[in-house]
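Trainee: Coordinates only, no sequence provided:
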């Protein structure tokens, strides 16, 4: 790995990363499985798995909130964005 000399006190470290395709991002992978599972539960297994409107609402809100927060954390933190949406380049 090549070393880079930094002259700024505001930069702690630097590394090279390559962006992953959107479907490989960590905020997309679990939800590619969970949304179809929720659809299956609602339309086919409603009486066995969800059983009421309250549980259906809770599951929908939890899934949507979890997905939104997992995406938004990449906008709030540059280190989280690098960890979730990229991989390090090997030299």
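Mentor: Sure, I can see it. These numbers were taken from a predicted model, which means no experiment stands behind them.
Trainee: Point to the residue nearest the middle of the chain.
Mentor: By Cα atoms, centre = their mean, the chain has its centre lying nearest to residue 27, at 1.4 Å.
Trainee: I'd assumed residue 66 was in a helix, is it?
Mentor: Yes: assessed with DSSP: H, G, I helix; E, B strand; the rest coil, residue 66 lies in a helix.
Trainee: related to what we said a few turns ago, wait, the residue nearest to the centre of the chain sits on residue 74?
Mentor: Yes: at 6.7 Å, residue 27 and residue 74 qualify as touching, with contact defined as Cβ atoms under 8 Å. (Glycine included, C-beta is placed from N, CA and C.)
Trainee: Between the two, which contacts overlap?
Mentor: residue 84 (Cβ atoms under 8 Å, 6 or more residues apart in numbering).
Trainee: Tell me the helices and strands packed up against the one helix or strand residue 42 maps to.
Mentor: For residue 42, the host element (DSSP states H and E) is helix 29-43. Judged by 3 or more Cβ pairs under 8 Å, 6 or more residues apart in numbering; DSSP states H and E, helix 29-43 is in contact with helix 53-76.
Trainee: Packing partners of the helix it packs on?
Mentor: helix 29-43, helix 78-85.
Trainee: dump the residue contacts of residue 67.
Mentor: 27, 31.
Trainee: mind redoing it with 7 Å?
Mentor: residue 31 (Cβ atoms under 7 Å, 6 or more residues apart in numbering).
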